[in-house]
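Enquirer: Build me a structure from this.
(one chain, ligands or ions: 2)
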Amino acid sequence: MTAPSPLHPHPDGMPDTFDVRVHPARELRGALRAQPSKNYTTRYLLAAALTEGEVRVVGAAQSEDAAAMLRCLKAWGADVVVQGSDAVIGGFGAHPRSGATLNPGNAGAVARFLIGVAALTEGTTFVTDYPESLGKRPQGDLLDALARLGAAVESRDGQLPIKISGPVCGGRVDVSAERSSQYASALMFLAPLLPEGLDLHLSGAIKSHAPLRQTLDTLAAFGIQAEASDDLSRITLPGSQQYRATQVTVPGDYPGSAAILSAAAILLGEVQLSNLLEHDLQGEREAEAVLRQMGADIWRSGDTLTVRGGRPLRAVTRDGDGFTDAVQVLSAAAACAEGQTTWENVYTLRLKECDRISDTRRELERLGIVASETENSLSVTGTPRIEGGVTLSGHGDHRMIMLLTLLGLRAEQPVVITGAHHIRKSYPLFFRHLEALGATFEYLAAAPQ
Ligand SMILES: O=C(O)C1=C[C@@H](OP(=O)(O)O)[C@@H](O)[C@H](O)C1
Ligand SMILES: C=C(OP(=O)(O)O)C(=O)O
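Expert: Ligands and ions are numbered 1, 2, ... in the order given. Modelled structure (predicted):
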């Protein structure tokens with residue numbers, strides 16, 4: 001989980017940057033263990049640093065986002081020891097070091113959670129080495145809430161670079177949850193360590209309820225008291241609490257696994273994916289039900305999902321907000337289904353690593369797939385044949401790279417995806433996992449962007 005160097009190469013064993021040529025595959029066959037959850041890794045690492053003790057985070061993700069969180073927590077004064085796939089964190093409690101400059105890379109959740117917690121410091125600066133991606137994502141709703149609480153906030157029009165200076169006491173604060181749930185999650189991590197806690201009022205049409213529940217779940221695992229209304233519009237967190245835990249275990253990752261399940265559904269063969277808890281708060285767990293509704297042969301036994309590919313798929317119309325990080329990979333299934341699939345209520349996809357509505361539509365069209373968009377929805381019309389033989393842009397977006405890879409596997413001719421190394425943001429072993437199931441990739445020197 002440390003930054004890669006010649007002595008500590010990337011876990012995938014590949015160069016710093018690469019494009020990928022995806023060869024068509026007839027079938028996928030085999031068994032995989034789902035990688036560790038991105039969302040729980042970021043949460044557990046942060047909560048561990050907010051304790052005053054030592055916490056073992058068992059089976060933490062080895063992604064760039066996990067590395068970004070560790071790097072920032074270290075800069076704030078946490079002790080970080082990586083032991084195999086565990087991270088052992090010695091926390092700084094309510095006292096992250098003042099005066100640090102943190103670089104969360106391209107990780108939205110990491111950036112936002114830390115921007116919230118920075119109100120505990122007398123000054124923390126946030127920068128990013130992804131000015132074209134994270135640097136353009138909106139932070140204003142969180143910054144406004146922090147300013148209303150009394151923090152001094154400097155930013156470039158509500159975007160990075162940003163400086164936050166506390167301290168703040170707490171009390172009632174409104175925060176918009178219309179563009180991202182991460183702003184409210186950020187304040188939820190901060191609240192218990194403030195003298196007065198926070199009485200959070202989430203305004204606007206709340207998006208991404210599932211990650212908010214994952215934050216509540218994490219706080220509970222660290223002994224934090226919180227009360228939330230059923231619709232999550234009001235969350236009350238008493239102040240002067242202490243984060244406490246000795247060991248937490250990261251569950252399997254549903255968003256990344258949704259890509260494998262979708263791949264298995266559009267090709268022949270049979271794929272088993274273990275380490276996927278049935279009772280889990282990750283919204284992308286719904287990918288199983290969506291694929292089943294589309295006609296896929298998918299079933300669960302304990303924590304293992306199995307897909308037997310080759311069944312004809314049919315289009316669906318679904319509200320995608322409950323499984324936002326799986327919408328793109330499920331669009332691969334949609335592209336192979338009969339009829340027009342529509343993902344509704346997905347405006348927030350425009351505010352992620354790329355514009356996941358317009359950019360996705362454009363890449364689908366380059367493959368000859370009919371797609372259309374409204375401000376708030378993405379529609380994909382299935383086709384029995386994808387010709388391939390084209391170069392596609394990964395848009396520096398791991399989930400776009402997953403979608404295009406799946407379509408490349410299903411195409412008649414190989415496709416090239418540029419900037420495929422950005423897969424490491426959340427799923428460094430994605431290509432290796434598919435290779436283990438029988439897929440073939442060529443890794444190419446990255447073309448200059
Ligand atoms: O809280 C989190 O860890 C996340 C929340 C979601 O973002 P939004 O709340 O912006 O939809 C999700 O897309 C992201 O990958 C992770
Ligand atoms: C949008 C994502 O992540 P983040 O917001 O944390 O950058 C994602 O993982 O798809």
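Enquirer: Can you give me the distance of residue 224 to ligand 2?
Expert: Look at residue 224 and ligand 2: by Cβ to the nearest ligand atom, to the nearest Å, they are 22 Å apart. Backbone N, C-alpha and C define where each C-beta goes, glycine included.
Enquirer: Equivalent analysis for residue 399, please.
Expert: Counting by Cβ to the nearest ligand atom - residue 399 and ligand 2 are separated by 5 Å.
Enquirer: now residue 152
Expert: 25 Å.
Enquirer: cool, and residue 139?
Expert: Residue 139 is 12 Å from ligand 2, by Cβ to the nearest ligand atom.
Enquirer: Quick check: closest non-adjacent residue to that residue.
Expert: Computed as Cβ to Cβ, 6 or more residues apart in numbering, the closest residue to residue 139 that is not its neighbour in sequence is residue 158, at 5.5 Å.
Enquirer: Residue 327 too?
Expert: residue 320 (4.4 Å).
Enquirer: correct me, but that neighbour touches residue 345?
Expert: Yes - taking contacts as Cβ atoms under 8 Å, residue 320 lies within contact range of residue 345: 6.3 Å.
Enquirer: re earlier: phi and psi next, for the residue nearest to residue 327.
Expert: The phi and psi values for residue 320, taken as degrees, to the nearest 10, are phi -90, psi 0.
Enquirer: burial measure for it, as a count.
Expert: Using other Cβ atoms under 10 Å, residue 320 has 26 neighbouring residues.
Enquirer: what's near enough to touch it?
Expert: 327, 343-346, 349, 378 (Cβ atoms under 8 Å, 6 or more residues apart in numbering).
Enquirer: and if we set it to 7 Å?
Expert: 327, 343-346 (Cβ atoms under 7 Å, 6 or more residues apart in numbering).
Enquirer: Residue 209 versus that one, what's the distance?
Expert: Between residue 320 and residue 209 the distance is 13 Å, computed by Cβ to Cβ, to the nearest Å.
Enquirer: tell me the contacts of whichever residue of the chain sits closest to ligand 2?
Expert: Ranked by Cβ to the nearest ligand atom, the top residue of the chain for proximity to ligand 2 is residue 108, at 2.8 Å. Going by Cβ under 7 Å, 6+ apart, residue 108 touches 134, 137, 182.
Enquirer: Next, count neighbours for the residue nearest to residue 139.
Expert: Residues lying near residue 158 (other Cβ under 10 Å) number 15.
Enquirer: Next to ligand 1 in this structure, residues from the protein, please.
Expert: Taking Cβ under 6 Å from any ligand atom as the measure of proximity, the chain contacts ligand 1 at 39, 42, 109, 180-182, 185, 207-208, 211, 324-325, 348.
Enquirer: Make TSV from these and add pLDDT to it.
Expert: TSV is the format used below for the residues of the chain next to ligand 1 (pLDDT from 0 to 100):
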residue	pLDDT
39	98
42	98
109	98
180	98
181	98
182	98
185	98
207	97
208	97
211	98
324	98
325	98
348	98
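Enquirer: Now, those that are in helices?
Expert: Counting by DSSP state H, the residues of the chain next to ligand 1 place 39, 42, 109, 182, 185, 211 in helices.
Enquirer: Now the buried members of these.
Expert: 39, 42, 109, 182, 185, 211 (16 or more other Cβ atoms under 10 Å).
Enquirer: Nearest to residue 306 among those?
Expert: Set against residue 306, the nearest of these by Cβ to Cβ is residue 39 (24.1 Å).
Enquirer: where does the protein dip in pLDDT?
Expert: Scanning the chain with the threshold set as pLDDT under 70 gives 1-9, 448-449.
Enquirer: Got the domain ranges for it?
Expert: The chain breaks down into these domains under automatic domain parsing: 19-35+252-444, 38-249.
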